[in-house]
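Participant: Kindly return the folded structure for what I paste below:
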Amino acid sequence: MSRPRIKQGMVQVYTGNGKGKTTASLGLALRAIGHGYKVFMLQFMKGSKDYGELQTAEKYLPNFIIMQSGLGTFVSKENPSQHDLDMAHQGFKTAQKVVNEGHYDLVILDEINIAMDFNLIPIQDVLELVNTKPPHVELIFTGRSAPEAIREAADLISEMTLVKHPYYLGIEARQGIEF
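Facilitator: Below is the predicted model:
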């Protein structure tokens, strides 16, 4: 029995300064897996194994693969290290391979908008990926500062707006909620 395929794969962008971009993509992944789709997520600029989604996918969701391509530290926008550049480049090469092979129905490139904004990944390379993806692949981009060219190429854009956040009250990120 063959598994289902998405009839018309589109490009979705989750961006903005509000919380919830990665969380929205994870909800979409869960929904897709429930319908028999295979999901791949590559997290740019993230290297910590403390993210709950990594543990959940590994333990309970065999149709959901998550890889990271970053360090567990913040990247300097003005002066990224060579290691940050190399990891972003390698991560994007992996993303290209995964998308073009077409084995996964939903591919999430988490924080790729920031990686482009920080000039770790050329916008033109991402646009080429959009234009050459197999028709059944749904492609999701998350992260603040989605470039205008990516916005134009997208079929759906959701902008998360920051209204209020506990961080500004001095409350640190909470395990199981923010990561």
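Participant: in this structure, which helix has the most residues?
Facilitator: Across the chain, the longest stretch assigned as helix under DSSP state H is helix 82-101.
Participant: these two touch, right, residue 162 and residue 21?
Facilitator: No: contact criterion C-beta atoms under 8 Å: residue 162 and residue 21 do not qualify, at 11.4 Å. Just so you know, the C-beta spots here come from the backbone N, C-alpha and C atoms, and that holds for glycine as well.
Participant: re earlier: what's the average pLDDT for whichever helix or strand comes after the longest helix of the chain?
Facilitator: Of the helices and strands lying after helix 82-101 in sequence (DSSP states H and E), the nearest is strand 106-110. Here strand 106-110 scores 98 as its mean pLDDT.
Participant: what does the lowest-mean-pLDDT helix or strand in the chain contact?
Facilitator: Lowest mean confidence among the helices and strands of the chain (mean pLDDT, DSSP states H and E): helix 52-60, at a mean of 94. With contacts defined as C-beta atoms under 8 Å, 6 or more residues apart in numbering, helix 52-60 is touched by 22, 26, 41, 64, 65, 66, 68, 175, 176, 179.
Participant: Surely the last one touches residue 173?
Facilitator: Yes: the criterion here is C-beta under 8 Å, and residue 179 meets it with residue 173 at 5.6 Å.
Participant: More neighbours: which of the two?
Facilitator: Using other C-beta atoms under 10 Å as the criterion, residue 179 and residue 173 rank with residue 179 on top: 14 against 11.
Participant: Could you report the neighbour count for the nearest residue to the more buried one once chain neighbours are set aside?
Facilitator: Distances taken as C-beta to C-beta, 6 or more residues apart in numbering put residue 51 closest to residue 179, at 5.2 Å, once the chain neighbours are dropped. Counted by other C-beta under 10 Å, the residues lying close to residue 51 total 20.
Participant: just the one 5 residues further on next, same as before
Facilitator: By the measure other C-beta under 10 Å, the count of residues near residue 56 is 14.
Participant: Please apply the same query to residue 159.
Facilitator: 13.
Participant: and the spatially closest residue to it that is not a sequence neighbour, what does it touch?
Facilitator: Leaving out its chain neighbours, the residue that sits closest to residue 159 by C-beta to C-beta, 6+ apart is residue 16, at 4.0 Å. Residues near residue 16 by C-beta under 8 Å, 6+ apart: 144, 158, 159, 160, 161, 162.
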